[in-house]
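Visitor: I'd like to go over a predicted model; first the sequence, then the structure.
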Amino acid sequence: MAEPGRRWDLVVFDWDGTLMDSTAQIVEAARRAIAELGLPPREEAQVKEIIGLGLKESWHRLFPELAGEDHFGAFVESYRGHFFSSELHVARPFERVDAMLEGLRRGGYGLAVATGKSRRGLDRDFERTGLGRLFCGSRTADETRSKPEPDMLLELLEATGVPASRAVMVGDTEWDLEMARRAGVASVGVGWGAHSMERLRRLESLACFEVLDELWDWLQGRQPEARQGAG
């Protein structure tokens, strides 16, 4: 069991797969776009591998053999069309995410988001879920360099005036934890998103959790309790 966390001035969350139950929607939208455009097929695991990166970085990792060809724009258009299609499950926050965020805010924690989504996509989710009001800052992949580069975190630290030693990054992918390492920020992995707990535990993080309430306890400096269920 991980030791309780200390008091943090800023908790930065990844969005998709960490706060939002959107991994399946992302995978299905990407695979439908690939099939629609007649691109080389990719397995579910290959798509999950790139979740959290910006769209351009995702494209290059999915199709390195097509890096010099002009398919990227068509892929983005098709992906977005499928992602917002009524045929797909519409992503919602994981159970109790809203309660956790509300509780942290009431406790005086600063909250922010660093995500591979576009600004347009994140703002749409903020409005649809009503969670945007809880965050003091956010950065998206179309505003600065994509994860795992440290820019999102460094810009959030500068904007909020919080030193790196007083901030922690929470994410479900290797890209989140590596971004934190490069920014000199502590990190915590969560196992209910895109990358496996085994993979996250190999990285330099303070803790990894499989249950959201354990994360909540730890962020507040309490010893996580044994609980049932996942994120």
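Guide: It's in. Residues are numbered from 1 along each chain as shown.

Visitor: helices or strands next to the strand or helix carrying Ala24 in the packing?
Guide: Using DSSP states H and E, Ala24 falls within helix 23-37. Judged by 3 or more CB pairs under 8 Å, 6 or more residues apart in numbering; DSSP states H and E, helix 23-37 is in contact with helix 44-50, helix 72-83. Just so you know, the C-beta spots here come from the backbone N, C-alpha and C atoms, and that holds for glycine as well.

Visitor: got those helices as TSV, with distance to Thr173 columns?
Guide: As requested, the helices and strands packed on helix 23-37 are exported to TSV (distance: least, CB to CB, whole Å):
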stretch	distance to Thr173
helix 44-50	9
helix 72-83	18
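
Visitor: For those, could you give me CSV that also reports distance to Pro150 and mean neighbour count?
Guide: What follows is those, written out as CSV (distance: least, CB to CB, whole Å; neighbours: other CB atoms under 10 Å):
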stretch, distance to Pro150, mean neighbour count
helix 44-50, 19, 17
helix 72-83, 25, 16
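
Visitor: how about those, which one is nearest Gly221?
Guide: Closest to Gly221 of those, according to CB to CB: helix 44-50, at 32.3 Å.

Visitor: Tell me the helices and strands packed up against the closest one.
Guide: helix 23-37, helix 55-62.

Visitor: can you list contacts of it?
Guide: With contacts defined as CB atoms under 8 Å, 6 or more residues apart in numbering, helix 44-50 is touched by Thr23, Ile26, Val27, Ala30, Arg31, Glu57, Ser58, Arg61, Leu62, Ala194, His195.
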